[in-house]
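J.: Compute the structure for the input listed below.
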Amino acid sequence: MKILIAEDDFASRKFMLRFLSKYGECDVTVDGEEAIEAFSMALEAGEGYDLICLDIMMPVVDGYHALKMIREIERQKKIPESNAVKIIMTTALSEGKNVTKAFELGCTAYAGKPIDQEKFENELRKLGLIS
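T.: Numbers count the residues shown, from 1 in each chain. Down below sits the predicted model:
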């Protein structure tokens, strides 16, 4: 599995990298702009991501905008929804309006921080990313 972690907080980024490395190759970005760029470059190279973990509160470009742009790139490239990258929003923002907005923009799942590893792994199973 190929994974992109977009997280501006060093401790959270380090945790996610250590946690997800056992499931596949991980790339890391520190803001939404880098995440969009990494996603585009991976697609161009024919090595798209299977999973993107996106924080919402990031500098330069926030996670909402990055999510919107990634879904737009997929539409432009005519990637069928069944082949779209799985995007899990990983954030401390757990208010209903934040969750709703993320799903309206096209996220696949939502994980509140601090990340509960067992719940996160169950979500990965539900998405068919791990067995």
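J.: Tell me the spacing between the most far-flung residue of the chain relative to its centre and Asp31.
T.: Distance from the centre of the chain peaks at Lys78, with 19.8 Å (Cα atoms, centre = their mean). Using Cβ to Cβ, to the nearest Å, we find Lys78 at a distance of 28 Å from Asp31. Bear in mind the C-beta positions are built from the backbone N, C-alpha and C, glycine included.
J.: Likewise for Ala111?
T.: 19 Å.
J.: higher neighbour count, these two?
T.: Neighbours were counted for Ala111 and for Asp31 using other Cβ atoms under 10 Å; Asp31 has more, 19 against 16.
J.: what helices or strands is the worst-scoring helix or strand of the chain on mean pLDDT leaning on?
T.: Counting by mean pLDDT, DSSP states H and E, the chain has its least confident helix or strand at helix 96-104, which shows a mean of 90. Applying 3 or more Cβ pairs under 8 Å, 6 or more residues apart in numbering; DSSP states H and E, we find helix 96-104 packed against helix 63-76, strand 109-112.
J.: related to what we said a few turns ago, quick one: the residue farthest from the centre of the chain from Leu43, how far?
T.: 12 Å.
J.: Tyr49 is in contact with Phe39, correct?
T.: Yes - at 6.4 Å, Phe39 counts as touching Tyr49 under the criterion of Cβ atoms under 8 Å.
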